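[1] fold the following for me, if possible:
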Amino acid sequence: MKFFNREKEIYKILSIIEGEPNLIYFIFGPINSGKTALINEIINNRLDKNKYLVFYINLRGIFISKYEDFIEVLFEEYEEPFIDKIKRLFLSLIRDSPDVIKSYALLNITGVVDSIPIPKNTLNEFLKNKNAKNVFRYITNILIKIKKEGKQPILIIDELQKIGDMKINGFLIYELFNYFVDLTKELHLCHVFCLSSDSLFIEKIYNEAMLNNRANYILVDDFEKDKALKFMDFLAQEILNKKLSNDEKELIYSHVGGKPILIKTVINSLRYENLEDILESMLNDEIAKLDMFLEVLDYSKPKVEIGDETIEIKKEEIINALKLFKDKYVIPKKEIATPVYVYLVKKNILFLNPQRGILKPQSFLVWNAIKRLF
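    Residues are numbered from 1 along each chain as shown. Sure, this is the predicted structure:
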C-alpha cells in the first residue's frame, strides 16, 4: 500500500538531514500514530542511497534487561578483517546489488543497515568490560570511515525508552545522550533521531538540563480531521475500490478520530461487515477494557514512582481525572495531580505532550469509552 500524506513531517526531517548535524531529534507521538511508518518511508524511499548510510536500530519487540542485550542489538559481529567488510559494504551500495553482504541485513538497496559491524574479538571485549566509552569510541571510528567514503551517516534508534532505566556506573541513557551530543553538536558527524511513543520518557528528557539547546522534538500526532477524512478516501479506494459517503466518514471519525491504525481497521472490516456494527463492536471492546481497568483498582493499590518516591494513588483520584475528559478532549496537565496523570499515561489511557503541557486520551476510541462510562 502506498504511503499516505505526512509530507509536512517528511519535508522537515529531510531538511534536517540535508543540513549539517547539530542537534539530537526526538520523534514522538501517541501509540500507533505512524512514527515508525514515517521514518521507514523516509529512509527507504526518500533518501539518496549514494549520499546517506542509515543505521536503523529498532528496539521494539526485543527484550533488553541488561547491558549485554543492548550491545548485542547494536552490533553484528564478523571474523574477517574489518577494512574488507567496510569495503564490501560500500561496494555493494555503489553497485546497487541487493544480494551482497546479506549478513548486514540491508533492508534492500537503499543504504539502510540494522546493526554496526564489529570484529568478534572486539565485541567480546565490550561485553566483558562493560565500558560504554570504548563502545562509543568504536562507533565514532566507524562513522568517520563512512564519512570519508563520501556518505553522511544517520543513526536512528526506535523505542529508545527501553533502555531508560538501565544502569552501568550510572544510567546508560545519560551516557548515550552525552555521546549523541558529541556526534551532533560537537563533531557534526552524524544525524541522530530517537523515536518513542512513551511520552513520560519524552517529558523526562525534555526537562533534562543537559539537553538544553542540544535537542529538538518532532511530534507525529494522529491525523487532524481533514487529513483523517482524506485518509479514509485513500483507504476506501485502495481496499474497497469504492467511495465512502460523507456521513460514513463523519461517523468513522466520531468514533476513532484520526488514529491511522484504527481507521485502517474500520475500512478493512468494511469488506465483510456493516459500518455501524464495526464501530459499535470497537467501542464496546474499549469500554470493556477501561471498565476492567477500573474494576481491578478495587483489588489493587496503584502506585507510581516520582523521582525517588513511590506514591500510592486512590481509585477516586483516577476516576475524577478521567471525568475531566467527559466534555473535553484536551486539558492542561496541571489540572491533574502528577502521580495520577503519570499512572494513566503509563497505562496508555492518556497521552502527554510535554512541549505543550497538555493531556488527551490515547485515541478518540478511548475518549468515547470514557464518555460512555462516566
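[2] just give the closest residue to Glu248, not the sequence neighbours.
    Leaving aside its sequence neighbours, Glu248 sits nearest to Leu275 (Cβ to Cβ, 6 or more residues apart in numbering; 6.0 Å). Quick note: C-beta positions are derived from backbone N, CA and C, even for glycine.
[3] surely the one you found meets Leu251?
    Yes: because the distance of 6.7 Å satisfies Cβ atoms under 8 Å, Leu275 is recorded as touching Leu251.
[4] A helix includes Gln267, no?
    Residue 267: Ile, not Gln. Yes: assessed by DSSP: H, G, I helix; E, B strand; the rest coil, Ile267 belongs to a helix.
[5] give me the neighbour count for it.
    Residues contacting Ile267 under the criterion other Cβ atoms under 10 Å number 23.
[6] isn't it up against Lys242?
    No: assessed by Cβ under 8 Å, Ile267 is found out of contact with Lys242, at 10.6 Å.
[7] what's the overlap in contacts for the two?
    Here Ile267 and Lys242 have Ala236 as joint contacts, going by Cβ atoms under 8 Å, 6 or more residues apart in numbering.
[8] below-threshold pLDDT in the stretch 101-250 of the chain: ranges please.
    For the stretch 101-250 of the chain, the stretches flagged by pLDDT under 70 are 101-110, 167-170.
[9] now with 50, please.
    101-110 (pLDDT under 50).
[10] which parts of this protein belong to which domain?
    Using automatic domain parsing, the domain ranges for the chain come out as 7-219, 224-272, 282-374.
[11] first-to-last residue distance for the shortest one?
    The stretch domain 224-272 measures 27 Å between its terminal residues, going by Cα to Cα, to the nearest Å.
[12] off-centre distance for it?
    Here domain 224-272 shows a centroid-to-chain-centroid distance of 24 Å under the convention Cα atoms, centre = their mean, to the nearest Å.
[13] and for the last one?
    Taking Cα atoms, centre = their mean, one finds the center of domain 282-374 at 21 Å from the center of the full chain.
[14] again with the first one
    For domain 7-219, the distance between its averaged C-alpha position and the chain's averaged C-alpha position is 13 Å (Cα atoms, centre = their mean).
[15] buried set for the longest helix anywhere in the chain?
    Assignment by DSSP state H gives helix 275-296 as the longest helix of the chain. For helix 275-296, burial by neighbour count (16 or more other Cβ atoms under 10 Å) applies to Leu275, Ile278, Leu279, Met282, Leu283, Glu286, Ile287, Leu290, Phe293.
[16] stretch 198-212 now?
    In stretch 198-212, counting by 16+ other Cβ under 10 Å, buried: Asp198, Ser199, Leu200, Phe201, Ile202, Glu203, Ile205, Tyr206, Leu211.
[17] reformat the residues you listed as TSV; add secondary structure and distance to Asn32.
    Shown next, in TSV, are these (DSSP: H, G, I helix; E, B strand; the rest coil; distance: Cβ to Cβ, whole Å):
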residue	secondary structure	distance to Asn32
Asp198	coil	13
Ser199	helix	13
Leu200	helix	17
Phe201	helix	17
Ile202	helix	16
Glu203	helix	20
Ile205	helix	22
Tyr206	helix	22
Leu211	helix	26
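[18] which single one of the residues you listed is nearest to Glu305?
    Using Cβ to Cβ, Leu200 comes nearest to Glu305 of the buried residues of stretch 198-212, at 10.7 Å.
[19] pretty sure the closest one contacts Val342?
    Yes: between Leu200 and Val342 a contact is recorded at 6.3 Å, counting by Cβ under 8 Å.
[20] run through the helices of the stretch 251-374 of the chain in chain order.
    260-269, 275-296, 315-323, 338-346, 364-373 (DSSP state H, counting those that start in this stretch).
[21] nearest to Asn246, out of these?
    Asn246 lies closest to helix 275-296 among the helices of the stretch 251-374 of the chain, at 13.2 Å (Cβ to Cβ).
[22] now for that closest one, which elements pack on it?
    On a contact count with 3 or more Cβ pairs under 8 Å, 6 or more residues apart in numbering; DSSP states H and E, helix 275-296 meets helix 246-256, helix 260-269, helix 315-323, helix 364-373.
[23] what's the angle between that helix and helix 260-269?
    Between helix 275-296 and helix 260-269, the angle comes out at 140 degrees (axes from the mean of the first three to the mean of the last three Cα atoms, to 10 degrees).
[24] quick check: angle from helix 275-296 to helix 338-346?
    Using the same axes, to 10 degrees: helix 275-296 against helix 338-346 is 140 degrees.
[25] ok, residues contacting helix 275-296?
    Contacts of helix 275-296 (Cβ under 8 Å, 6+ apart): 248, 251-252, 255-256, 262, 265-266, 269-270, 315, 318-319, 347, 349, 365-366, 368-370, 372-373.
[26] same check on stretch 305-323?
    By Cβ under 8 Å, 6+ apart, stretch 305-323 touches 294, 297-298, 301-304, 336-344, 349, 370, 373-374.
[27] drop anything exposed from the residues you listed.
    Leu297, Pro302, Val304, Ile336, Pro339, Val340, Tyr341, Val342, Tyr343, Leu344, Ile349, Ile370.
[28] which member of those is positioned nearest Val181?
    Val181 lies nearest to Val342 out of the buried ones among the contacts of stretch 305-323, by Cβ to Cβ, at 26.9 Å.
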